[in-house]
Each structure stands twice: as structure tokens, then as C-alpha cells.
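Enquirer: Here's a sequence, model it:
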Amino acid sequence: MAEDRMLRVRALLDAVRSEGRTALTAPEGKVIADAYGIAVPGEELARDVEEAVAYAARFGGPVVMKIVSPDILHKTDAGGVIVGVEGASDVRAAFHRIVENARGYDAGARVEGVQIQELLPPGQEVIVGAVTDPTFGKVVAFGLGGVLVEVLKDVTFRLAPVDADEALSMLDSIRAAEILRGVRGQAGVDRWAVAEQIRRVSRLVADFPEIAEVDLNPVIATAEGAVAADIRVILSDTPVTARRRHTRAEILTSMRRLMEPRSVAVIGASNEQGKIGNSVMRNLVDGGFAGDIHPVNPRADDILGRKAYKSVTDVPGEVDVAVFAIPAKFVASALEEVGRKGIPNAVLIPSGFAETGEHALQEEIVAIGERYGVRLLGPNIYGYYSTWQDLCATFCTPYDVKGGVALTSQSGGIGMAILGFARTTKTGVSAIVGLGNKSDLDEDDLLTWFGEDPHTDCIAMHLEDLKDGRAFVEAARATVPRKPIVVLKAGRTAAGARAAGSHTGALAGDDAVYDDILRQAGVIRAPGLNDMLEYARGLPVLPTPKGDNVVIITGAGGSGVLLSDAVTDNGLTLMEIPPDLDTAFRAFIPPFGAAGNPVDITGGEPPSTYEATIRLGLEDPRVHALVLGYWHTIVTPPMVFAELTARVVGEFRERGVEKPVVASLAGDVEVEEACQYLYERGVVAYPYTTERPVAVLGAKYRWARAAGLLGGGS
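Expert: As a prediction, the model looks like this:
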């Protein structure tokens, strides 16, 4: 049956192509709908007035009449749609008016007739569609439909194809999800029927890559079903080209030699201070890299006390990485020598390629890399750091604090911001990698490696685009169950400025698709650079929560309100305090304090009150995370609060009770030292902000849900 269905659609699409068309007519769309079980109303194509009258009479009620022309894509704009026509005389009049309107809209348009369609009963109008995204390929969309679809833009996206459960999840992912469940006495829609429309459209575009866009708008959803009043199908006018893919084993093999090299060659190494080749050599030597370092320079015999070679082909033994520190115009010839030498990785620091319009030069080096099997990092990068190997292959400042955070950036400037942040906050890193133009190696290669790297606990990535969104999602889904991934996607406002032949195409702005697909992959999207860095710093520190119940304990009522807002803003759940726990908290707080949630112990309380209430929150298994709000007083100075909090949290962790604890400290400058003390002891703490600690906690919860550790989706 599936084979017959695909053969019918294939024959139809080939016929449309043979006529030089990219847009299918409504009757052709009906053929596709029937083949894929996409529910549409009964309809017939009337080629003259009398056929229109006969078909309308057969449907036995009001009908919708629509122009059928391969040259008129937007029928409503052409005055080619009339709704609710009933009776022979009205059908005749509507037929003539529709044809006349079409002629007036486009005098040369071919008119095949008028579609006579059953008028659907009133219901909730939604849109189901699919579009070909340049990053992610086939993407299916769902949202509120009808005439306001492009105004409201309440739409969600998923990679196609989707299964039944994923299709159902889309109904809950729009802002107006409650409308679909029924409001103000109105019945909810048949959710399964709507989800089936989504699933079938997603299957259609996955089966036929040449279909660029599909629009079911509106789909009339009622308690009894979901029927598409209109189907629009548009074919691509360019051939689909597949990007070259590497297997997981190939990626891990080359990445291991890149990140854990035994031998590095520096092409363009120099004794002259101020040269990039000199800076790279100094960083490698001074950083303590234990492997072999081979300078390559045809005009030198010795560089920094090491024998220099005229060509990389003269270097003895195997070399794992060649770092390029030569002008762009010399890279191709040197890369040929790297290929002949059998070196698997080239780190291309030079700029002057695609970023400056030199696309041919970049295409040349990509072709050389593919010919010899050399993976290219860059060009136009600052290099990379692999701290556990004491490897600093960059011309920028060195960094050697080892830890569990891997950081990548597409931009050199952002890379150096990462470096400064890591140094200031004493964040230990496993690697910092520049990606630049991403001529070859990109985020999915790095994710594949860092997902397996025992030194990496958390991965944070700044990116401006993805070359292969599907490969990234595949790598992310394999990594997220074990390690969180934080992404800062730049360019939120540069979205969607392209001509589209359907409502779905117009709605599929780049950022809207990125947002939903990254969430679908379980990735934590950071709103800004500092957020990305703070999430990366904080996520490995916090234990994974075991449930949703968050309790706020605060010494200041105002902070408690702001912390409550932050909990809600980050999708967290304030625990409803059960009566016995409420009574227990009240035993430790003054009569003018407030139990409930937040637990307000008031600002004049001694350290013992903070300690007792924190202990209670950690002891009770119904409480899953604590948010602490501290207010600087002489009664309980900042470091006293920090020391007691760290001591209590540490004591419980030794007993096997691990709950995420974050803290907001308000006060004089002493709170800064107190926050640093807490952070170093496993409590994510920030001065002068109620939003930041809860945002980090929210990021931890988002990862835990995506990793399947809490349930309830991402």
C-alpha cells in the first residue's frame, strides 16, 4: 500500500515538473492528500458552469468555490475564493465572478476550472505545514491558523518526520495550547486527529525531498476530527544536494588525534616576536606540551631551540596535527604537503578566506582536505586549547586551569571573552576551540568528541549558524543523556527575510526554527554570552534534582517576591508546603516571619535560624531544590552565612543527600567574597541579583528533563 501511494505521488510530481511548474493545483493537492490519508473535504473540479451546479447539488448544502489555476498561487488575493454558496443561481453567479476576478488579477493565467468543495462546519482554525529549512532540512510546523496566522505567529516546529507522540507534543507547544483543550464551555478539539494531520504531512515531505513547502491552512479542528480546508504544495526549483557525512568512528578517530596529539607541527613557525608563528610556538613550548613540537620554516634551521624543517614532509615520524600560521595564499600548497605526509588534522589560523569573500580559495582547501582525508579546523580562528594535554595551540593568551567545561566559539572575540571569564571565575576547562569559518570540522564533530571525552562534564557553544542542523541534533541527542549542552545562538533578529510561497514558509524564520529544534534536541539555549558562560560554570557544580519541588528560604520579603518571579520565569515549580512541613518551619522563625513558600525568616534573625531552616529543607525528601535569599545584617554577616550554608550542604552531601542549592546575596561588598566561597563549595551563589542563581537552577532542570532524569519532557 505504501509503495502504491508513493508511486501515485511520484507520477504526479514528475508530471508537474515536466510542465515546468513548481506549484500544484488544488485538485493535484487532493491527489496527494488522498494518497497520504490527509483529511480534506469532498471536492470536484468543475470545468464549466453546469458542472459546478451539478457538483454543488450533489454535496447537498453550502459549498466553497475556488479558482483552479497553475498560475495563481494565492487564490484569496486574486478574488478566487467564495465561501458559503448555495443554490443553482448563486453557484452560476459565483462561478462567473471567480473566473472574471482571476482574469482581472492575471490576464494570462491558465484557468482549469473552479473547485467545488464541501463547506466544513465551524471549528478551531489551525495550520499544519512543512518547509525546507536551509539548516535543518525538512521541518514540520503547527500553530493557530486562518487569516491571522502570520500576525499571531503562534507556531512551533519539529524535524520531519515526527512520530505520533512528537506530533501530539506540538499541540502543547504553542502559546494558545489551552484553546485546543476547550475554553469557556467550548469542547476541545480531537487532538489525535490534529496530530495525525501533522504526522502525515511530515511523512510526505520526508518521502519526497523535492517538495519544498506544504500548507494545510486552515485545518478546521473540532471535537469530531480535523479536516484541511485547503492544501498547497510547492516544489523546489533547485536540486537537493547532500552534505558529506563522516561516521561516528571516523569523527572520534580524527578528533582523538586532534585533542590528544602526540606530535604537532607548526607551519610558519618563527623566531620573530610579534609573528603568529612565534606566538603559537611559545604557547606550545611554555605550556608544557609533552609531545613532539616540530617547527616548519624553509628559511630557518632552529626555532626556539628546536630543529626547524623546510617542509612538513621532512618531519620524521607521524604527526597528528599541523597548525598553520602562514598567509592564506600559501595555505593550499602547504596543505597538499600535509596531505601527502598523512597528517589527519590541519588547524587553520589564517584569515582571508570566505569571510573576506575569497570563497574559491576556501573551496580549494576543502577539496584538498577531502582528497587526502585531512580534517580542517577553521580557517580564520584563534586556534585551540586542550588543557588536559597541556596543549595551547593558539596565538592568544595561554590558559591552563584544568576542569570539566568544554567551550567553543565561532568568533575569535567571543573565544577571548570565554578565556577572560574562565580566568576571573576560576572555571576549569577541558578545552576551548575556535571554529571560525567551519570549512570542515564543526559543532557536531566537537559534540561527538566531547560527549565521549572523560574530562568533559558540560559543553558550551557559541554559534552563528549550523552547517548541518540534522547532524548537530543527532550528536546532541546522543550527548544530552550524559552531559548538558549550552548553546548561544547569535543572530536572532536576522531571521526569515526570504520570499515564501506558503504561510508556513513565511512563518519559518531562522530563529523560530532554531529555538524549537534546539529545544527538541535537549539543548539549553542561553539568551546571552554571560548567561552561556554562567550556565557552563554552574551546571557541573549543581547536583541533578530528583523532583520538581523548589523551596525558597529568604531573610528579606522583597527578595522572596523577586525569587518567586524568577522561579516562575524559569519554568520551575514552587512547592505547595504541606501542613506538617509548614509547622516545622514555623518552629524556627519569629511570629512576624512568614511560612508558606517563600519561607521568610526575616532579616534580623541569627545564624542559627538560617541553619535550622536550611537543614529542614535538605532533610525533607519532598523538597528537591533550595533557593536561598540572604540579606546582609550585622547579626548574620555574609561570611558567617556562607560558612554555615557550605558546612550544612557539605554535611548532607557526605550523608548522600544531594540537592541543588542556589543563593542570592544582597548586601555590601562583603557579599562578593561570600558568593565566591559558596560557589567553590558547591552552592551556586551570586551577589546583587535574584535572577541569575535561579536561571542557572532552571538550566539544570531543563537539562535534567531533556536527559530523562525528571520526566515531563524538555
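Enquirer: Distance from stretch 545-555 to the middle of the chain?
Expert: Centre-to-centre, stretch 545-555 and its host chain are 28 Å apart (C-alpha atoms, centre = their mean, to the nearest Å).
Enquirer: Would you indicate which residues of that stretch are buried?
Expert: 545, 547-555 (16 or more other C-beta atoms under 10 Å). C-beta coordinates here come from the backbone N, C-alpha and C atoms, glycine included.
Enquirer: Low-confidence regions, the chain specifically.
Expert: 1, 146-152, 185, 240, 493-510, 593-594, 711-714 (pLDDT under 70).
Enquirer: and with 80 instead?
Expert: Along the chain, the parts satisfying pLDDT under 80 run over 1-2, 145-153, 183-186, 238-243, 492-510, 592-595, 603, 711-714.
Enquirer: so which strand or helix has the spatially most central residue of it?
Expert: Centroid-nearest residue in the chain: residue 518, 2.1 Å away (criterion: C-alpha atoms, centre = their mean). In the assignment (DSSP states H and E), residue 518 maps to helix 510-520.
Enquirer: Run through the strands of the stretch 251-400 of the chain in chain order.
Expert: 263-267, 292-296, 302-303, 306-307, 321-324, 345-348, 375-377, 383-386, 391-394 (DSSP state E, counting those that start in this stretch).
Enquirer: Next: the stretch 551-700 of the chain.
Expert: So, for the stretch 551-700 of the chain - with DSSP E, counting those that start in this stretch - the strands run 573-574, 599-600, 625-631, 661-666, 684-687.
Enquirer: Which one of those lies nearest to residue 534?
Expert: With C-beta to C-beta, the closest approach to residue 534 among these belongs to strand 684-687: 8.3 Å.
Enquirer: buried ones in the helix holding residue 518?
Expert: For helix 510-520, using 16+ other C-beta under 10 Å, the buried residues are 510, 512-520.
Enquirer: how about the strand ranked longest in the chain as CSV, C-alpha atoms only?
Expert: Longest among the strand segments of the chain by residue count, using DSSP state E, is strand 211-222. Below are the C-alpha coordinates for strand 211-222, written out as CSV (Å, rounded to 0.1, in the frame of the first residue of the first chain):
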residue,chain,number,x,y,z
ILE,A,211,8.6,19.1,-2.0
ALA,A,212,9.8,22.5,-0.7
GLU,A,213,6.7,23.6,1.2
VAL,A,214,3.3,22.2,2.2
ASP,A,215,0.5,24.2,3.7
LEU,A,216,-2.8,22.9,5.2
ASN,A,217,-4.4,26.3,6.1
PRO,A,218,-6.8,26.3,7.6
VAL,A,219,-7.3,23.0,9.2
ILE,A,220,-10.7,23.0,10.8
ALA,A,221,-10.4,21.2,14.1
THR,A,222,-13.5,20.1,16.0
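Enquirer: Can you give the distance of that strand from its chain's centre?
Expert: That offset, for strand 211-222, works out to 25 Å (C-alpha atoms, centre = their mean).
Enquirer: try stretch 23-38
Expert: For stretch 23-38, the distance to the chain centre is 33 Å (C-alpha atoms, centre = their mean).
Enquirer: ok, now stretch 292-311?
Expert: Per C-alpha atoms, centre = their mean, the centroid offset for stretch 292-311 relative to its chain is 44 Å.
Enquirer: gap between the two ends of that stretch?
Expert: Terminal residues of stretch 292-311 lie 16 Å apart, using C-alpha to C-alpha, to the nearest Å.
Enquirer: For it, buried residues please.
Expert: 292-297, 300, 303-304, 306, 308-309.
Enquirer: cool, and stretch 274-293?
Expert: So, applying 16+ other C-beta under 10 Å, buried residues of stretch 274-293: 276-285, 287, 289, 291-293.
Enquirer: Which residue ranges of the stretch 401-550 of the chain form strands?
Expert: 402-409, 429-434, 458-463, 485-489, 524-525, 549-554.
Enquirer: and the angle for the fourth one with strand 458-463?
Expert: For strand 485-489 and strand 458-463, the angle between their directions (axes from the mean of the first three to the mean of the last three C-alpha atoms, to 10 degrees) works out to 10 degrees.
Enquirer: Ok, the longest one next?
Expert: What separates the directions of strand 402-409 and strand 458-463 is an angle of 20 degrees, with the same axes, to 10 degrees.
Enquirer: residues making contact with strand 402-409?
Expert: For strand 402-409, the external contacting residues (C-beta atoms under 8 Å, 6 or more residues apart in numbering) are 387-388, 415, 418, 422, 427-435, 443, 446, 450, 453, 455-463, 533, 536-537, 540.
Enquirer: now the strands: where do they sit in the stretch 101-250 of the chain?
Expert: Going by DSSP E, counting those that start in this stretch, the stretch 101-250 of the chain shows strands at 113-118, 124-133, 137-144, 155-159, 211-222, 225-228, 231-235.
Enquirer: Note down every partner strand of the fifth one and its orientation.
Expert: Looking at strand 211-222 with DSSP bridges, its paired strands and their directions are strand 124-133 (antiparallel), strand 225-228 (antiparallel), strand 231-235 (antiparallel).
Enquirer: Quick one, which of those strands gets closest to residue 12.
Expert: Per C-beta to C-beta, nearest to residue 12 of the strands paired with strand 211-222: strand 231-235, 9.5 Å.
Enquirer: hang on, the earlier thing: can you tell me which of the strands paired with strand 211-222 is nearest to residue 259?
Expert: strand 124-133 (30.9 Å).
Enquirer: relative orientation of the closest one and strand 155-159 in degrees?
Expert: 40 degrees.
Enquirer: Run the chain-centre distance for strand 124-133.
Expert: 20 Å.
Enquirer: how far away is the nearest residue to residue 601 once chain neighbours are set aside from residue 693?
Expert: Spatial nearest neighbour of residue 601, chain neighbours left out: residue 589 (4.7 Å); criterion: C-beta to C-beta, 6 or more residues apart in numbering. Note on residue 589: its distance to residue 693, by C-beta to C-beta, to the nearest Å, is 22 Å.
Enquirer: quick one: which of those two has more around it?
Expert: Legend: neighbour count by other C-beta atoms under 10 Å for residue 589 and residue 693, higher for residue 693 (26 against 19).
Enquirer: quick one: that one from residue 660, how far?
Expert: 10 Å.
Enquirer: now swap in residue 80 and tell me
Expert: Distance from residue 80 to residue 660, by C-beta to C-beta: 59 Å.
Enquirer: now swap in residue 352 and tell me
Expert: On the measure of C-beta to C-beta, residue 352 and residue 660 end up 47 Å apart.
Enquirer: of the two, who's got more company?
Expert: residue 660 (26 against 16).
Enquirer: give me phi/psi at the more buried one?
Expert: phi -70, psi 130 (degrees, to the nearest 10).
Enquirer: right, and it touches residue 546 too?
Expert: No: under the criterion of C-beta atoms under 8 Å, residue 660 is not in contact with residue 546, lying 9.7 Å apart.
Enquirer: Tell me the residue in the chain that is farthest from the middle.
Expert: Max distance from the centre of the chain (C-alpha atoms, centre = their mean): residue 89, 55.4 Å.
Enquirer: in which helix or strand would I find that one?
Expert: helix 88-105.
Enquirer: Show me which residues of that helix are buried.
Expert: Buried, per 16+ other C-beta under 10 Å, within helix 88-105: 90-92, 94-95, 98-99, 101-102, 105.
Enquirer: Can you list the neighbours in contact with stretch 62-69?
Expert: 25-27, 41, 45, 52, 55-56, 75, 78, 80-86, 91, 94-95, 98-99, 101-102, 106, 109-119, 229-230.
Enquirer: quick one on the thing from earlier: please name the nearest non-neighbouring residue to the residue nearest to the centre of the chain.
Expert: residue 525 (5.3 Å).
Enquirer: Near the one you found, how many other residues are there?
Expert: Quick note: residue 525 (other C-beta under 10 Å) scores 18 neighbours.
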